[in-house]
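Colleague: My questions are about this predicted structure, shown below with the sequence.
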There are 2 protein chains.
Amino acid sequence: MPEQASGRRGGRHARRAVRERKRESMLPNLTRGIPLTEPMSEEEIVRIDAASMWILEEVGVVFRDAVALDDWKRAGADVRGERVHLDRNMVRELIATIPAEITLHARDPQKSAKLGGPNSIFVPMTGAPYLRDLEDKRRAPTLDDLAMFHKLAHVAPALHSSAHHIVEPMDHPISQRHLRITYSSMKHSDKTFMGMTTSGRNAEDALDMCAILFGADFMETHPVVTGNCNGNSPLVWDETMLSAMRAFCRRNQPVLCSPFVLGGANTPASTAPAVAQLNAEALAALAYTQVIRKGAPAIYGHYLSTVSMRSGAPMAGTPEISLMNFMIGQMARHYGVPWRTSNTLGGAKTLDAQAGYESATTLMAVMMAGANYIWHSAGWNEAGMHCSVAKFVVDAEQCAMAHRMASGIRWDDFDEGLAAVKDIGPGGHFLGHPHTQANFSRAFFMPELFDNNNIEQWAAEGAKDTTARALEKAHRMLEEYEEPTLDPAIDEALRDFIARREREIPAADALNQEY
Amino acid sequence: MPEQASGRRGGRHARRAVRERKRESMLPNLTRGIPLTEPMSEEEIVRIDAASMWILEEVGVVFRDAVALDDWKRAGADVRGERVHLDRNMVRELIATIPAEITLHARDPQKSAKLGGPNSIFVPMTGAPYLRDLEDKRRAPTLDDLAMFHKLAHVAPALHSSAHHIVEPMDHPISQRHLRITYSSMKHSDKTFMGMTTSGRNAEDALDMCAILFGADFMETHPVVTGNCNGNSPLVWDETMLSAMRAFCRRNQPVLCSPFVLGGANTPASTAPAVAQLNAEALAALAYTQVIRKGAPAIYGHYLSTVSMRSGAPMAGTPEISLMNFMIGQMARHYGVPWRTSNTLGGAKTLDAQAGYESATTLMAVMMAGANYIWHSAGWNEAGMHCSVAKFVVDAEQCAMAHRMASGIRWDDFDEGLAAVKDIGPGGHFLGHPHTQANFSRAFFMPELFDNNNIEQWAAEGAKDTTARALEKAHRMLEEYEEPTLDPAIDEALRDFIARREREIPAADALNQEY
């Protein structure tokens, strides 16, 4: 039956064409092609390590969580009340089983991404209690707004994840919110995503939904979702975060072990000792992941700002944040663990010049630092109080530029380029040369959201600022958006799960509750 | 006579106090404390070098200037018409006598600055035909506007130079403008500055004025002024620039040998071959400086943008510009010559987010690239068509932050910082700790022009954007400005010189002529 056979081939070809189109719509994870910025000598790395180990042994870390304290006792740690003193040899032995590289599996296998070593991914911001919307109006977000951001993350080529609660959907009860957030990530994008860690039970729900989407067996051997657990600097890990951590580790899913650092307020007012403390905090949590499940993937994390000694406000894009990112990268590589940083942070209230300076400085610093899981890569503004639609699409384009930059130098057309120099000769111009024509689109990145026309042309086109242009782009992206097909049986199972859990979980909390 | 003796001591002390206050008002030149970003292997450096030498030998460089052609003939080059073919051994031998480091002497010796090797200086933008003024109004600049920018450059701690025609003073005849520009640089600041290179004769005038200020003998052995000479890419150097170059070299003053690169338009549309061409152009000019005067200081320069293949407009902050800066830094160090780059370029029409992203990306790239003479470090916007007062002061603060970042990690209080971690313990806070108090001001940079307050406080203070805050700062800087004392005899001699030259030079050109 040649028709059928041909039909099957056609089907395979068609599927491959679809796969290739999808792949084109997302850049592969960054594979680094430029050197790292490593300001510490080997001796200085050892000095930080020794200081962190001294902190773990002599000062200890508080685990405000009975289960964790029991776990640590069983593991042989010196537990005094809530304070756990960790011997350096024990810490080293524990963290040695963390995998150096992770492949994070996406619903579309073509969009799975590696992180660790030279591999990095860009993940949008999460957790904003407000948004600046498609009209740049600042207001409380809804589930529809969250879906919009998931769609933008899906369409933006340089974003490798739709994350989770990019904005907090205030129109849904807080106790049930994690279910709708997880469903929105899964439904509106087939890229990788994040799981909620607002409690151990919520984390279990998100992981159960992942099991419906990917299969529980698959999850046992494949990372499909990341969870973030923040430490309370200095030197405290609490029950909420630790119970979520246990949920993720038990299912073999990677946790970002992220001390929450406000440099100068909850660390010493000095770069190197602050890094020593942060490193101790991260090591304590990384070690605990291996107590929970030996060999589970885990990620060295941090949220990092410095604090203004004038106002107490967190600051971004400062020199010390760049330096600390360089240093933390060195420490994470010293331990052979993939690491997460915070990108494009800033305290501007609008997408003004401050936002641009802060975001670009941080983006460049984290690229040079070699971060693997580059979180908060799009939308962050106002110290995380709002996610801006306009900034989201500008940041996403900046990530594409950073991806290109960090991929390194192309040498494949070097000889043809030189031949063009000879062809054109002194005083000529290259625009019409065949080499230029052939390399037209790939030679030099052309940012779509930056206006480089002369002022007359810019004025004739309406004198639009960056925000106006970015919002137009966001509208276009949403028009272009096509929802990726989700197997109807899986979709139904997810909806059934949510319905059941929403019956079980009292919607006790008022809507729009502060979070 | 104890009173008199005491008075003398008082005088010395008073003078020292003034010197120290002045030094405090300018950061010393940056001495790099973080590693360089060097994406090319030694083999790849040699590959670019070989390609550039092939261009110099096989394609040749046009010198549109009879004197230069004669000079090259006498030096033994293969001159065919205007095209000079330079043997690689000759080029290597010539550039070998360029000093690897320069101390640029300022009128106030405390403000002299080193450049080359790990030493770098920040120099404001120059050449803008428009300004955005203290009310952010875009208009034609006057001599008073130029003086204002020289005052701002004088007050900004991270700027090491007042440069020259930051804006073009359109209220003065173009043929005489160089005299007033040079005087304004000298009069309003005692930092280093630049000399006009708009013609050989104009360069001579600027250098004659330097001789009045510093003494001709001093200049013979001390660099006191830099001149910029642009090449016309591809592979052309013209009479205007070469005659200015000769004026500077003959007086032993450093010239920036700066190919003017619009990547893709006047170079191949590919990063590595574009660098090979630019490198050949710079080498040709650097070699010529040594034909003019063996041992004269010279600086490897470039103006570098990429061109949009959609519109032909120059672009800034693109990935390829970052990569080319890294590569050019490696080439300059390969030849042992200090190098100049362009900082904070951008095409935004206002100080909006685009300006911030572009400027910060470029600033970070040139810091990582290790540029020594970091030109266009403040004020540049609209592809150089205007200098913005607001952007000038924001950029200047960004330079101070970059200076801090590139100075590297402090370790001097590491043990005290760790002791604070033990003192405070888990769950505490550091703001009241003596170590925090002692390190209050120097620990973490606090950008004055970035608002990190919460939105309510920001709104209560007038919801000012970056531009508004920066213009307020500019007003404050101008109020704080104190004109540095200029020896009245020198001042009179400079004024006499200008008066004589203005009698000799016909003010033939109409005012506000296009430039």
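Modeller: Thanks, I have it.

Colleague: Any regions of the stretch 1-150 of chain A where pLDDT drops low?
Modeller: A:1-24 (pLDDT under 70).

Colleague: and the residue of it found nearest chain B, bridged to which residues?
Modeller: Here the stretch 1-150 of chain A gets closest to chain B at one residue, residue A:62, 4.0 Å apart by C-beta to the nearest C-beta. (Glycine included, C-beta is placed from N, CA and C.) Going by DSSP bridges, residue A:62 is paired in beta bridges with residue A:83, residue A:236.

Colleague: Residue A:284 is in contact with that one, correct?
Modeller: No: Residue A:62 lies out of contact with residue A:284 (C-beta atoms under 8 Å); the separation is 9.5 Å.

Colleague: The spatially closest residue to residue A:150 that is not a sequence neighbour: neighbouring residues, count only.
Modeller: The spatial neighbour of residue A:150 that comes closest, neighbours along the chain excluded (C-beta to C-beta, 6 or more residues apart in numbering or on different chains), is residue A:188 at 3.8 Å. By other C-beta atoms under 10 Å in any protein chain shown, the residues close to residue A:188 number 23.

Colleague: one step back: residue A:62 and residue A:284: which has the busier surroundings?
Modeller: Set side by side, residue A:62 and residue A:284 give different neighbour counts by other C-beta under 10 Å, the larger being at residue A:284 (28 against 22).

Colleague: Check which helix or strand that one maps to.
Modeller: Using DSSP states H and E, residue A:284 falls within helix A:271-292.

Colleague: what do you get for residue A:71?
Modeller: Here residue A:71 sits within helix A:66-75, counting by DSSP H and E.

Colleague: That helix near chain B anywhere?
Modeller: No: using C-beta under 8 Å from any C-beta of the partner chain, helix A:66-75 stays clear of chain B, with a minimum separation of 13.5 Å.

Colleague: Packing partners of that helix?
Modeller: With contacts taken as 3 or more C-beta pairs under 8 Å, 6 or more residues apart in numbering or on different chains; DSSP states H and E, helix A:66-75 sits against strand A:78-80, strand A:83-85, helix A:239-250, helix A:271-292.

Colleague: Which pLDDT does the model give residue A:507?
Modeller: As predicted, residue A:507 sits at a pLDDT of 80.

Colleague: State the number of residues packed around the closest residue to it other than its chain neighbours.
Modeller: With C-beta to C-beta, 6+ apart as the criterion, residue A:507 has its nearest non-adjacent residue at 3.8 Å, and that residue is residue A:173. A total of 18 residues lie near residue A:173 under the criterion other C-beta under 10 Å.

Colleague: Kindly report the same for the one 10 residues further on.
Modeller: The burial metric for residue A:183, expressed as a neighbour count using other C-beta under 10 Å, is 20.

Colleague: likewise residue A:136?
Modeller: Neighbours of residue A:136 using other C-beta under 10 Å come to 17.

Colleague: How much space separates it from residue B:503?
Modeller: Relative to residue B:503, residue A:136 is positioned 59 Å away (C-beta to C-beta, to the nearest Å).

Colleague: deepest of the helices and strands packed on helix A:66-75, which one?
Modeller: Of all these, helix A:271-292 has the most neighbours on average by mean count of other C-beta atoms under 10 Å in any protein chain shown, namely a mean of 26.

Colleague: That helix to helix A:66-75, inter-axis angle?
Modeller: For helix A:271-292 against helix A:66-75, the angle by axes from the mean of the first three to the mean of the last three C-alpha atoms, to 10 degrees is 80 degrees.

Colleague: is chain B contacted by helix A:271-292?
Modeller: Yes: counting by C-beta under 8 Å from any C-beta, chain B is contacted by helix A:271-292 at A:271, A:272, A:273, A:274, A:276, A:277.

Colleague: Redo those residues as JSON lines? Include distance to residue B:42 and pLDDT.
Modeller: Output for the residues of helix A:271-292 next to chain B, formatted as JSON lines (distance: C-beta to C-beta, whole Å; pLDDT from 0 to 100):
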{"residue": "A:271", "distance to residue B:42": "32", "pLDDT": "97"}
{"residue": "A:272", "distance to residue B:42": "32", "pLDDT": "98"}
{"residue": "A:273", "distance to residue B:42": "37", "pLDDT": "98"}
{"residue": "A:274", "distance to residue B:42": "37", "pLDDT": "98"}
{"residue": "A:276", "distance to residue B:42": "35", "pLDDT": "98"}
{"residue": "A:277", "distance to residue B:42": "39", "pLDDT": "98"}
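
Colleague: which one of those residues is nearest residue A:352?
Modeller: residue A:271 (28.2 Å; C-beta to C-beta).

Colleague: For the residue most central in space within chain A, give its distance to chain B.
Modeller: Nearest to the mean C-alpha position of chain A, by C-alpha atoms, centre = their mean, lies residue A:375 at 2.6 Å. Using C-beta to the nearest C-beta, to the nearest Å, residue A:375 is found at 19 Å from chain B.
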